Each structure stands twice: as C-alpha cells, then as structure tokens.
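> pasting the sequence and the predicted coordinates here, then a few questions.
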Amino acid sequence: MIVVKNLKKSFGEVKAVNGVSFEARDGEITGLLGPNGAGKTTTLRMLYSLLPPDEGEIRIDGLDPANDAMEIKRTLGVVPDSRGLYTRLTARENIAYFGELHGMNRQAIEGRIVELTRTLNMEEFIDRRTEGFSQGQRVKVAIARAMIHEPQTVLMDEPSNGLDVMSTRALREYVLGLKVDGHSIVLSTHIMQEVAALCDRIVIIAKGEVAADGSAEELLARSGCDSLEDAFVQLIGSEEGLLA
Amino acid sequence: MNGLTTVFRKEVRENLRDRRALFNSLLLGPLLFPVLFVGLMWFLDSAEQERAEKTLELPVVGAQFAPSLIRFLEQQGAVIQPDPENPEDMVRNQEVPVVIRILPEFAENWEQGIPAPIEVISDISRQESNVPIRRVKRLLLGYGQQIGSLRLQLRGVAPQLASPIMLKDVDLSTPKSRAILAIIFLPYVLMITAFTGATHLAMDTTAGEKERKSLEPLLINPVPRWQIMTGKMLTTTVFAMASLTLTLVAFRIVLPLMPVGAFGMDLTLDHATLMKILVVISPVAILAAALLTLLASFAKSYREAQSYMGLVILIPMIPSLIFMANPVKAESWMMNVPLFSQNMLIGEIIRDQPVPLAWYTMSIASTLVIGLALAIIAASIYNRPKLIFSSG
C-alpha cells in the first residue's frame, strides 16, 4: 500500500514533479500514465528513495522513505528505467548478487531463482553470461533480480519498453499473477494498451501534476469519450508526447 | 558489513573475468617494467663495452709537429688518420667523435719545455662520444706524465717530488649498497605500478557501472552506499596490491640476470627485503585506490574517466623524479610525506641500511591517514543524488 501526498521535486528551475498525490492499494495494479517527461520516473525514484522529495509525503506500508529508507528498500521490488546487467556475470549470478545484497542466504536465493526461472521462462539462458542478451531476456533478468526477495510492493518504470509482442504478453501475465498474489504494483507507462490491459487504477500525470485519477471506466465517464486514448488526450489537454 | 563483502566478492569475480582488468593490473606492470629494465641494461652494457673495446680511429691535424707523440698513440692501439680536410665539420657531421689538432708552436714549445698545446675537438653534448673522448684524453695525459717524469729524471730530480699528494680511495659501499645505483628507479616503478594497477578497476567499478546503467539498480538495494563504495575500493586496492606483488616477484626473478656482476653489485632481492618493500608500499595501494575511485566517481563514462587518469599518473612520478634529480639524505620529517617517504625507505631497504622503526610507522601512518581520508570522501560522495544521475 502506497500513499503519496502532494509530492514535489525540482531540478534547478525545472519543476519535474509538482504536487502529485495518489494511492496504490494491495492486490491492485496502479498505472502512472503520461507523456514522456511528465515526471513519472522522478516520482518513482522518490518512491524507491533514490531521490529525496522537496515537499510532500510518501508512505509505503506506513513507512516514510525519509526516515526508514533501508526498511522500505527491503520491502520494495524495483525495475528501474536503467536495467544494466553485469555482462561478465551469468543471469543467475546477476540475480543472486541482488539476493545477497538483500541479506538472503544461499539456499533461499537458489530456491527463489528456481521459482523465478520457471515463472519468467528463463531456463534457456539462466546460466549464460548476459553479454549479448536480447531486450526481452534482459528485462526478465531485471525483473527476477528485483523480485528475488519477494517484495510486497513492486515498482516498474516502463517495463515493456523495447519488448516484442511475445515478451510483452509474458510480462503482463507475470504482473497479473503478482496482483492475484496480493502485491501492490505501480507501473509507469506511456502505452495506452498496457494500461487498458493491466491497470485497475490509472493516474494520469502531465507536466508534473496529476491530471486525472480513477479506474478506466471512471476516466471514460469523466471525459465523455469512447476510447481511453481520446480520454487521455482530453484529460491532459494536448496530444503532446503521446506518439513518442 | 555484509553488503560490503558481497560487493567486494562480486567485483573480484567480475573483474577476474575481464581481460582488460587482468591485462592492465596483473600483466602489463609486472611484465613490462622488469623486461624493459633488464633489456635496457643489457643494451647499455653491450653498447658501452663495444665503444670501450673498439679500435680508436683518430684523425690528427698537424701530426708532423709531434712525431714521437704519434708513435706513442699508435703503440697504444690508436689508428691515426693524418691531415683531415676540415676537422670541425667532421665532428659536427658526426663522421668521427673526436679529432685532435697539434698546433704549429707545439714543436717549439716542446723543445723549450713550455706546455705544448693540443686541441681536442669534440661535441660533448653527444653522449655516444663520451667514451672515445675519455680514451683520447687519457692517452694524451698519460703521454704527458711519462715525458714529465723523464724530464725530471734527466735533471736528477725524483719524479715523486712533482706528486706531493697521493689519493687513496677507501670505498665503504658494499655490493648491496652499490646496487642502489642500478635500481634507483625501483621505487619509481613501484609507485607507478600501484597507480596503474588500480586505474582500470577504479574506473570500471564507478564510471563503468554508471555507463552500463547498472548503478541505479544497485543503489536500490538495502545496503548503505558507503558500503558499496568501500567494497569497490577494496577490490581496487587488492588488484593494485596484486600488481605490486607480481612486479616485485618479477624483479626478483629477473634482477640476477642483469649484467652488473662486473660492477661489483649485489642485486638479489631476498624474501625479507621483498616483504619489507611490500609492507612499505602497501599504503600507497590504498592511497591510489581511494584517489582514483574518487576521481572516477565524477566521470560519466569510462572514457571520460580515462581522460583524467593521464594526469593522475603524473602524481606518483613527481617525488621520484625530484629524488632522482636531487638525491637528499633521508630525514625524519620526510617520512610524513606520502610517496616521498616510500621512495626514501625503499632506497634504504635496497641499500640494506638499518632504518628506524619509527620511520616505517610514520610513513605507513601518514599515507594511510591521507588514503583513508580520500576513501571516506569517495565513500560518501555517492550520497549525492546528482552524481548518480550525471549520466542523464
């Protein structure tokens, strides 16, 4: 469960995030939808306490990143915008490294990797060095290392970026599975279909502010449009960034 | 501290698989310097010998003014080339290293017992001429002394009267201490090795990690950033140490092969000496690792980091160069100056001189203090979000 109230962050003159508030409940997928540069990544970075907010309040399962950064990091699984893997290590070693950094013992790590390899279909490449991996393979490893410690809250920044159709499908199934298991999931995206297919709740962000917030039906009703895409354009008030 | 050891173990494993790291840290320094050095010594030695043993070809202007001198020179093995056209040009054009000119007044002065002039024409800025010039001068002076003694004897004077002083060299240097003459460069090489051994690792673990976009995911883990940075610096230190150890071992193997026996030098590095040098130089590895990691942390990419490193490599050279250009006696206060103190101490160790224990502690402590201060700055620098996102 994430509660965000009036979050603000500026970089010099640029107000990247300017008063964002929303809630992300357990057992639900919350989508941060917005054009490129709307402030989605900055919002997420504040959630996983990489950046301190200038103003506002964040509570993740009741914890405040300002005071309990380490505690929060233990309960978070994050697939950030940058998904660099260590190319001289195998996929398994990449994943195990993060398990060790979470303080897990070897046995627990091995057990989890077996599970994750099955759910994410990684049997084929789990023991290969990640040099030359395809986008899809890389995202799978990035997800696996983020999920190694079975986090309750999952944050994903544009997870389907650069994935082909099959990989995207697999990713969606995996995220839906997490939802069924009762995790709280926040993902950012600028892809309409992804939101329609996955999200229980949509937070539309534009120019650092929340333009609208609700389920797909609610947004359609509020905008008076037939399609989510039209609703999106109407709610953020421009087509800017949509086609990017 | 678990995070620290995890980072350390992973970096070691990853870099042991990196050919570039292995080459830079474990192969380049340890092989390059010893081989370069021994090769150079062989070359110098054989070139020197060749010049010393070569027949001396000596163009002489005005040979007719001093026939007995010419005879003497020929007896000593010189090949006289009479009446060269333009002796100055011959030297300038490097056709010959040295020409002598016997002036017309030579014969007259000789008769009257006035010092008779001979010009030795050469260009002393040409190092390769040194040996022939020395040989020519030695021959001429030898001839002069011989004639001088004869003149005194003819007048019934004992020639010793003209040599009121007799110099005797009492040389207290030992074969070990003379070795310093040959390996004065060793501290210099070790100092550079500590830095080159650390360079690749320092850049790869910081700027490289940023460039590969794996830094952000890494920092999301519940490990304090100082532990992550310290783990990385520890890896860099270990590689620098390995580089130093291998270099020393390589020198130990290679030094006995050097052509220095003739100069009465003892160039063997025994185990105890090796260990002492290693203890003295170790803090430099920490200093280098911390300094290079700190600098590389500011770079956005491996390439950018590389451009800083070219300048940094000058740092360990400075004290060594000062010391080589202006050798000074080791004194206590110098032990507080990192890099300089190691230069001094290693010199003393090779010379097999007793070194006060306090000097060791001062040198190690002062270097460690600065190294650790840099390490603390480097470890805390990743607390600044700006540095993480400087890759865009």
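Received it, and whenever you're ready, just let me know what you need.
> only C-alpha atoms for contact and neighbour calcs from this point on.
Will do.
> which other helices and strands does the helix or strand containing A:Gly136 contact?
Element membership for A:Gly136, per DSSP states H and E: helix A:135-147. Judged by 3 or more C-alpha pairs under 8 Å, 6 or more residues apart in numbering or on different chains; DSSP states H and E, the packing partners of helix A:135-147 are strand A:76-79, helix A:91-101, helix A:106-119.
> contacting residues around it?
Outside helix A:135-147, the residues within contact range by C-alpha atoms under 8 Å, 6 or more residues apart in numbering or on different chains are A:77-79, A:83, A:85, A:91, A:94-96, A:98-99, A:113, A:116-117, A:120, A:122, A:130, A:159, A:162-164, A:167.
> and B:Ala116, how far is that from chain A?
80 Å (C-alpha to the nearest C-alpha, to the nearest Å).
> need the nearest residue in space to that residue, chain neighbours excluded.
B:Phe106 (4.8 Å; C-alpha to C-alpha, 6 or more residues apart in numbering or on different chains).
> check contacts around that neighbour.
B:Phe65, B:Ala66, B:Ala116, B:Pro117, B:Ile118.
> same deal with B:Pro132?
B:Arg51, B:Ala52, B:Leu56, B:Pro97, B:Val98.
> give me the secondary structure label for the first one.
Taken by DSSP: H, G, I helix; E, B strand; the rest coil, the conformation at B:Arg51 corresponds to helix.
> which stretch of helix or strand covers the nearest residue to it once chain neighbours are set aside?
For B:Arg51, the nearest residue in space outside its immediate sequence neighbours is B:Val131; the separation is 6.5 Å by C-alpha to C-alpha, 6+ apart. Per DSSP H and E: B:Val131 is located in helix B:130-154.
> contacts for the helix or strand following that helix?
Counting by DSSP H and E, the next helix or strand C-terminal to helix B:130-154 is helix B:175-182. Applying C-alpha under 8 Å, 6+ apart, the contact partners of helix B:175-182 are B:Gly264, B:Met265, B:Asp266, B:Leu267, B:Gly347, B:Ile350, B:Arg351, B:Asp352.
> out of everything not next to it in sequence, what's closest to the second one?
Read that as B:Met265. Using C-alpha to C-alpha, 6+ apart, the closest residue to B:Met265 is B:Pro175 (4.3 Å).
> pLDDT score assigned to the one you found?
For B:Pro175, the model assigns a pLDDT of 74.
> burial count for it?
15 (other C-alpha atoms under 10 Å in any protein chain shown).
> okay, strands next: where are they in chain B?
B:57-61, B:79-82, B:98-102, B:118-122 (DSSP state E).
> out of the helices and strands packed on helix A:135-147, flag the one nearest B:Ile315.
Closest approach to B:Ile315 among those is made by helix A:91-101 (35.9 Å; C-alpha to C-alpha).
> which elements pack onto that closest one?
Short answer (3+ C-alpha pairs under 8 Å, 6+ apart): helix A:91-101 packs on helix A:106-119, helix A:135-147, helix B:2-16.
> pull the contacting residues for A:Glu57.
Contacts of A:Glu57 by C-alpha under 8 Å, 6+ apart are A:Val3, A:Val4, A:Lys5, A:Asn6, A:Leu7, A:Asp64.
> so it: helix, strand or coil?
Classification of A:Glu57 using three-state DSSP returns strand.
> distance check, it against A:Ser21.
9 Å (C-alpha to C-alpha, to the nearest Å).
> common neighbours of those two, please.
The contact sets of A:Glu57 and A:Ser21 overlap at A:Val3, A:Val4, A:Lys5, A:Asn6, A:Leu7 (C-alpha under 8 Å, 6+ apart).
> tell me which of those is nearest to A:His149?
Closest to A:His149, out of all of these and judged by C-alpha to C-alpha, is A:Val3, at 22.4 Å.
> quick one: low-confidence parts of chain A?
A:238-244 (pLDDT under 70).
> any idea what sits nearest the residue in it that chain B sits nearest to, other than its immediate chain neighbours?
Sorted by distance to chain B under C-alpha to the nearest C-alpha, the residues of chain A start with A:Gly84, at 4.1 Å. Closest residue to A:Gly84 apart from its sequence neighbours, by C-alpha to C-alpha, 6+ apart: B:Ser214 at 4.1 Å.
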